[in-house]
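> Need a 3D model of the following:
(one chain, ligands or ions: 1)
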Amino acid sequence: RVVAIGSVNIDRILRCPVLPAPGETVLAAGSAQGFGGKGANQAVAAAAMGAPTCLVARVGADPEGRAALADLRAAGVATDAVRTDPDAPTGLAVVLVDPAGENSIVVVPGANARLTGAEVAQALADLALTSADTVLTSGEVPEECIRATAAALPAGPRWIHNAAPAGVLPDWSGPGLRRPLLVANAVEAAQLTGRSADTAETTNETSETTDSTGDDSRDGTTTTAATTATALAALGDGAVVTLGAAGALVAAGGALHRVPAPEVAVVDTTGAGDVFCGALASRLAQGASLPEAAATAVAAGAFAVTALGARGALPRPTDLTGPAAR
Ligand code: ADP
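Next up, the predicted model:
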């Protein structure tokens, strides 16, 4: 079973000819509404990849919250631990996208900001976790929810924390606190380990070049990605750094493991990281080893970028057979 703890949002996507500059008004070419939020996206991806999945979250007592709950249930996610908050609206993300796919996003956290550490601890206690469970947290809920997880989790279940959006990691250095396997993209990993995002971008691009030529050489920049992954691993209990088209780097147990991504026709990379996290948790909950689960997660992320929207292409296990799954 996967237990996801995180945000639920309604995404309002506005297609703009250009992203508006401060003080400027632009006319959108169209708008669309979708379901989002890192917690919900990751839970839906975990369920699609076959693990029984439940979500711990808050939505508002509004039509958006009811629609989000119905969407989660339709996707096979158990919502018993999703509370309806009478005093806050359901989270909202307004996403402006230009024709080149560049975006600007404003998030109104709403009910997500009111998820409490006590509520998370209670939910984890009610779930009577065993070592067959994988707990998946992410950054769009208050930090106290992550700290509560560190304190409330028994030793058995695996814990993955997606450190996105990048911010400050909670302090889990105290006695009796669990540490998660950290998952971050290159930019987030660089920020969390005190490196400049520029270095991460360079590393990412160079890794892509290195990978596409099939050359696994340890040149200076590839080493930078490895150094970042190793540094991030030390902040948690291992780390997985996603590198876009270059796949992912797994740093755990003192070893580094590189997982190249298959070449795909990219349509929209929104939500690739969420599908990656959901698939990783799903496979770990089904008993896979970390390298096996990371290989599936990379294939799942690559599948996700082939359609528009955060939920455009949700892979099921049968979508990942063949070379992409290896
Ligand atoms: P985020 O979406 O959080 O910024 P990444 O861009 O690193 O994270 O993407 C997450 C995962 O999605 C990658 O590890 C990879 O599996 C897949 N992915 C992303 N972009 C591409 C791409 N251009 N080609 C193939 N796979 C991709």
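
> Please pull out the lowest mean pLDDT helix or strand from this structure.
Least confident helix or strand of the chain, by mean pLDDT, DSSP states H and E, is helix 197-212 with a mean of 42.

> does the spatially most central residue of the chain count as helix, strand or coil?
Nearest to the mean C-alpha position of the chain, by CA atoms, centre = their mean, lies residue 274 at 3.3 Å. Three-state call for residue 274 (DSSP: H, G, I helix; E, B strand; the rest coil): helix.

> Give me the nearest residue to it, chain neighbours excluded.
Leaving aside its chain neighbours, residue 274 sits nearest to residue 41 (3.8 Å; criterion: CB to CB, 6 or more residues apart in numbering). For the C-beta atoms, the positions are set from N, CA and C on the backbone; glycine is no exception.

> Please apply the same query to residue 301.
residue 276 (4.0 Å).

> Distance of residue 296 relative to residue 139?
23 Å (CB to CB, to the nearest Å).

> and the chain, which residues reach the ligand?
Counting by CB under 6 Å from any ligand atom, the chain comes close to the ligand at 185, 242-245, 247-248, 261, 264, 266, 269, 272-273, 276, 298, 301-302, 305.

> got a list of what the residue in the stretch 1-150 of the chain positioned nearest to the ligand touches?
Minimum separation of the stretch 1-150 of the chain from the ligand (CB to the nearest ligand atom) falls at residue 38, amounting to 9.6 Å. Taking CB atoms under 8 Å, 6 or more residues apart in numbering as the contact definition, residue 38 lies against 6, 7, 138, 139, 140, 162, 164, 274.

> What does the residue nearest to it when sequence neighbours are not counted show for phi and psi?
Distances taken as CB to CB, 6+ apart put residue 138 closest to residue 38, at 4.2 Å, once the chain neighbours are dropped. Here is the backbone geometry of residue 138 (degrees, to the nearest 10): phi -150, psi 170.

> Please enumerate the strands of this structure.
2-5, 9-15, 30-36, 53-60, 77-78, 82-85, 91-97, 103-108, 134-138, 158-162, 181-185, 239-242, 248-252, 255-259 (DSSP state E).

> Mean confidence (pLDDT) on the last one, please.
This predicted structure assigns strand 255-259 an average pLDDT of 95.

> picking up where we left off before, check whether the residue nearest to residue 301 really touches residue 244, as I assumed.
No: shown here, residue 276 and residue 244 do not form a contact pair, counting by CB atoms under 8 Å, at 10.6 Å.

> Which one's more surrounded, these two?
residue 276 (27 against 21; other CB atoms under 10 Å).

> Any stretches of the stretch 201-326 of the chain with poor pLDDT?
201-223, 321-326 (pLDDT under 70).

> Would you map the helices across it?
Using DSSP state H, counting those that start in this stretch, the helices found in the stretch 201-326 of the chain span residues 220-235, 272-285, 290-304.

> if we compare these, which one ends up closest to residue 257?
Among the helices of the stretch 201-326 of the chain, helix 290-304 comes nearest to residue 257, with 5.4 Å by CB to CB.
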